[in-house]
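Student: Here's my sequence, what's the structure:
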Amino acid sequence: MGIKIPGKRYGKRLEHSKVFGHGGHGKKNGNADLLITPLVDMFVIIVLFLIANFSATGEVLMMTKDIVLPEAVNVKEVEMHPVVMVSNDQVSVSGTIVGRVEDLTKDEYLNIPALEEKLRDMKKQFEDLHSMAGGGETFKGDVNIQANKDVQFKVIKRVMFSCATAGYNNINFAVIQAGGAAAGEKTAAATTH
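Tutor: Numbers count the residues shown, from 1 in each chain. Model (predicted):
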């Protein structure tokens, strides 16, 4: 025990505190106090932020070998919207095949029920995500159609009708920008309907 100056004695509680170096005696406390409430609040905020910034319908064009895009001069930048891919063989949305072109050319109906159902599901998912996140973003009905240049117009017309019926009225066509790119270099762009 060290020499103490009279009148300068700390209370018993302070004498054995870690501030004065006597309380722990070189040992660390094995039980750490973890405040779980702020941690949960932080994770909730992170999840809501990620949901608000994540677009479930958003994908830029995926260039595939079986789709040769047409060329156009008047184009604009491709934006993130759902992509309906129309090749010579099939129609697909987000990797899900919704129809075969051979069957679509035979039918006389204008709509493609599987395409409409998939697009309605994507619209509902968009609205649910944005209502949960509290963002004021409304559904605008934008869709990109990425069609092979050799597909019959009858099939494209049915795809457009199905998109409009499902609530996607702002239709953009994916094209290759002609004339503006350097020699041998082609860039994907979109043109509006």
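Student: Would you map the strands across the protein?
Tutor: Secondary structure of the chain (DSSP state E): strands at 71-72, 83-86, 90-93, 96-100, 142-147, 170-177, 188-192.
Student: Mind checking those for the one nearest to L110?
Tutor: Proximity to L110 (CB to CB) singles out strand 96-100 among the strands of the chain, at 13.0 Å. Just so you know, the C-beta spots here come from the backbone N, C-alpha and C atoms, and that holds for glycine as well.
Student: May I see the buried residues of that closest one?
Tutor: V98, G99 (16 or more other CB atoms under 10 Å).
Student: Now tabulate the strands of the chain in a markdown table and tack on distance to E127 and mean pLDDT.
Tutor: Converted to a markdown table, the strands of the chain look like this (distance: least, CB to CB, whole Å; pLDDT from 0 to 100):
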| stretch | distance to E127 | mean pLDDT |
| --- | --- | --- |
| strand 71-72 | 32 | 84 |
| strand 83-86 | 19 | 90 |
| strand 90-93 | 17 | 90 |
| strand 96-100 | 20 | 89 |
| strand 142-147 | 14 | 90 |
| strand 170-177 | 16 | 88 |
| strand 188-192 | 23 | 60 |
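Student: Now the ones you listed in JSON lines, please, with extra columns for distance to K118.
Tutor: JSON lines is the format used below for those (distance: least, CB to CB, whole Å):
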{"stretch": "strand 71-72", "distance to K118": "27"}
{"stretch": "strand 83-86", "distance to K118": "9"}
{"stretch": "strand 90-93", "distance to K118": "5"}
{"stretch": "strand 96-100", "distance to K118": "6"}
{"stretch": "strand 142-147", "distance to K118": "11"}
{"stretch": "strand 170-177", "distance to K118": "16"}
{"stretch": "strand 188-192", "distance to K118": "20"}
